[in-house]
Every structure is written in structure tokens, then in C-alpha cells.
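Please work out how this folds:
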Amino acid sequence: MDPDTPRLAEQEDEEEAGFKPRRARRHIVDEVTQLSPHHLFRVEVQVRNLSPFGFMAECDERVRIGSYVALDVPGIGSVHAQVRWQIGARMGGMFLDPISLARCEWAAVKAGTPFSAA
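Model prediction:
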């Protein structure tokens, strides 16, 4: 697989493990950004994947399940979400309004290197 092509998380593994099928496939991103719980403070999170409907991230801080947060998404800006689950350092959030992955820098296909005349 081309390293510049966005990868998709595998649904088959989740379905075999007994999870409900997802509404949309997840894009593996593995990027650091900021999360603002209750707009009171900002914490660094490592976003592992996202879809138009939500995200999964790792966060050293405890974030209350059901709380509302804002996630900084490059190319889109601050996106409001609700924390749906947290297990250890991992957490999952559902965007209050779906996002367009076409605008998200994490999901964009990177252009090849510029043509150079020799």
C-alpha cells in the first residue's frame, strides 16, 4: 500500500469480535491534537482514527463519559463532540454534527513530490 494513501480501519475484525457494524469506516490517522473538555482547559490527545461521525483517541486525562468536548481537527477547526466511552487512556467521541473528511487534512491524500526538471 502507498504510504501516502489514507488507511481504513478493518471492520471485519470488529464484526468478528461481536461489535455492532459501524455507520462509516474509520480512517487511521495517528495524529496529536488538542481536546477541550467543557471549554475549561485543553489537553493533548493522540487521535487514532476518525470517521464523519466520530473519533477514537488516547488521552492521559480522565474525561467524563457523556461530557461535551471540542476536538481541534486540521482543515476543519474545532469540532463539538460527546464522549461516548472511555477505557483506560482510550476514549471515543461522537461528533454532534458529522464532518466532511474531504476538508480534513488527516484524511486527505497527499500529493506526490513536485516534478523537477533535470
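
contacts, neighbours, all on C-alpha from now
Noted.

Roughly how far does the spatially closest residue to Pro37 that is not a sequence neighbour sit from Gly54?
Spatial nearest neighbour of Pro37, chain neighbours left out: Val69 (4.4 Å); criterion: Cα to Cα, 6 or more residues apart in numbering. For Val69, the distance to Gly54 (Cα to Cα, to the nearest Å) stands at 12 Å.

quick one: common contacting residues for these two?
Here Val69 and Gly54 have Ala81 as joint contacts, going by Cα atoms under 8 Å, 6 or more residues apart in numbering.

where does this protein have low pLDDT?
1-23, 109-118 (pLDDT under 70).

Past the helix or strand hosting Ala70, which element shows up next along the chain?
Assigned by DSSP states H and E, Ala70 belongs to strand 68-73. Where DSSP H and E defines the elements, the next helix or strand beyond strand 68-73 is strand 77-87.

who does Gln86 bridge with?
Counting by DSSP bridges, Gln86 forms beta bridges with Met91.

For it, give me its contacts.
Applying Cα under 8 Å, 6+ apart, we find Gln86 in contact with Val63, Ile65, Gly92.
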